[in-house]
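Novice: Show me the folded form of this:
(chains A and B)
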Amino acid sequence: MAIEKVMILGVKRSDETTNRHHFADKTSRIGNYAFPSSTPSSHNTASLVLQNIKSLYSHILHKLSVSPLMSLLPTFSIRSQITRRLHYNQPWRDKILS
Amino acid sequence: MAGQDLVISTMSGGDSDQQIRIIDAAVAAGVKRFIPDEFSHDSMNEHIRGRIPKYAGRAKVIAHLQKIPKDHPDFEWTAIATGYTLDTQLISGNMGFDMEWHSATIHGTGTEPFSASSLERVGQIVVRTIQHWDEIKNQYIYAAGMITSANEVLRSAEKATGHEFTVGNYDVEECIVEGQKRIEKGFPDSGMFLLERSVLYDKTLEVSKPFKDRSANSIMGLTPESVEVVVSTAYHDFKHHGKPGCGCSS
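Specialist: Below you'll find the predicted structure:
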């Protein structure tokens, strides 16, 4: 079976306005959605991930079609890093699978 | 996730349980292929796992992936170790190099070999993984752009910047202890990068061995990257990032 539809899951930071904008732009333009980070991440880590996603996108998009945008970001809004850990359990899975 | 042929995770956080939940959701949604977040040092190296909790978590994810095809024979996965992401770690200072003020902190002798890739190569590797899926599926693969050393990076940095670097030499153990202290004090990120840095210099870990012995580069048709090119490109980006008139600023 050919691999035609690819979804890339990434990390989104809550407290980096620039990165949020950057990522949101990538997300909406490319048509993927992101899950928030589960752990506190430094600026460097976040940047690395964002660049990773950017890199992956730029290479993959030329070769593959990517899934249409699924508007999950508003549903799964980013929590504060103070929360430290996110607990996605059954309700989250139900949302994803519905 | 339903309808996707492949899901790639680039979530580099250390929460393996969350990634496992996502994998389970993907399986339940009928996704047939999954690439977990790795794209870094070798999670299969027990010494690295013992030193850096994030890698122990990643190994747990791999163990979970290995079990899934028993119940879901159509499910396939591939995990990719790409080594140290040289350009981003160089520019961020995490590697111990200051490209602005031309100084470097080197632990050990600087001749210790380690595997690394540029960020661009990580993207290329993922694409090649997809293209060669049937040849490498259900495996933990090793695909680094290069095997290099801190001294080689230093020489390239000096050439790229046009300046001789001031080099401080320290023990690997010092790097490990400082990293652990920072984590214990509640600064996991700043401790983590030191521990990841220590991996580059710790000969006892034999980090480059699987990248040499079991490299998937030839299967995927990937040729080695040039350390010099990666470093000079990184330096160019470092100097031009955010400035208009250059394509690399976006």
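Novice: what's the pLDDT at residue 48?
Specialist: In the absence of a named chain, this looks at chain A. pLDDT, A:Leu48: 46.
Novice: Hmm, no, I was thinking of chain B.
Specialist: B:Ile48 is given a pLDDT of 94.
Novice: Please report phi then psi for it.
Specialist: For B:Ile48, the backbone dihedrals are phi -70, psi -40 (criterion: degrees, to the nearest 10).
Novice: residues touching it, list them.
Specialist: B:His41, B:Asp42, B:Tyr55, B:Val199, B:Leu205, B:Val207 (Cβ atoms under 8 Å, 6 or more residues apart in numbering or on different chains). For the C-beta atoms, the positions are set from N, CA and C on the backbone; glycine is no exception.
Novice: Which helix or strand contains the fourth one?
Specialist: Per DSSP states H and E, B:Val199 falls inside helix B:188-201.
Novice: Same list, the contacts of B:Ile48, but as CSV with pLDDT, secondary structure and neighbour count please.
Specialist: CSV is the format used below for the contacts of B:Ile48 (pLDDT from 0 to 100; DSSP: H, G, I helix; E, B strand; the rest coil; neighbours: other Cβ atoms under 10 Å in any protein chain shown):
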residue, pLDDT, secondary structure, neighbour count
B:His41, 93, coil, 28
B:Asp42, 95, coil, 28
B:Tyr55, 92, helix, 26
B:Val199, 95, helix, 26
B:Leu205, 92, helix, 22
B:Val207, 93, coil, 26
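Novice: In CSV, list those along with distance to chain A.
Specialist: Listed next are the contacts of B:Ile48 as CSV, based on distance: Cβ to the nearest Cβ, whole Å:
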residue, distance to chain A
B:His41, 13
B:Asp42, 18
B:Tyr55, 14
B:Val199, 16
B:Leu205, 22
B:Val207, 19
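Novice: by contact count, what packs against the helix holding B:Val199?
Specialist: helix A:43-60, helix B:46-51, strand B:84-85, helix B:86-92, strand B:103-107, strand B:114-117, helix B:172-184 (3 or more Cβ pairs under 8 Å, 6 or more residues apart in numbering or on different chains; DSSP states H and E).
Novice: Of those, which shows the lowest average pLDDT?
Specialist: helix A:43-60 (a mean of 47).
Novice: Show me the shaky parts of the chain.
Specialist: I went with chain A, as the question did not name one. Counting by pLDDT under 70, the low-confidence segments of chain A come to A:1-5, A:8-98.
Novice: meant chain B, my bad for not saying
Specialist: B:11-14, B:241-250.
Novice: What are the boundaries of the strands in it?
Specialist: Taking DSSP state E to define them, one finds strands in chain B at B:6-9, B:33-35, B:76-81, B:84-85, B:97-98, B:103-107, B:114-117, B:139-142, B:146-148, B:166-170.
Novice: Export those as JSON lines, with columns for mean neighbour count and distance to B:Leu195.
Specialist: JSON lines is the format used below for those (neighbours: other Cβ atoms under 10 Å in any protein chain shown; distance: least, Cβ to Cβ, whole Å):
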{"stretch": "strand B:6-9", "mean neighbour count": "24", "distance to B:Leu195": "22"}
{"stretch": "strand B:33-35", "mean neighbour count": "24", "distance to B:Leu195": "24"}
{"stretch": "strand B:76-81", "mean neighbour count": "24", "distance to B:Leu195": "17"}
{"stretch": "strand B:84-85", "mean neighbour count": "26", "distance to B:Leu195": "12"}
{"stretch": "strand B:97-98", "mean neighbour count": "20", "distance to B:Leu195": "17"}
{"stretch": "strand B:103-107", "mean neighbour count": "20", "distance to B:Leu195": "11"}
{"stretch": "strand B:114-117", "mean neighbour count": "27", "distance to B:Leu195": "14"}
{"stretch": "strand B:139-142", "mean neighbour count": "20", "distance to B:Leu195": "21"}
{"stretch": "strand B:146-148", "mean neighbour count": "23", "distance to B:Leu195": "20"}
{"stretch": "strand B:166-170", "mean neighbour count": "13", "distance to B:Leu195": "14"}
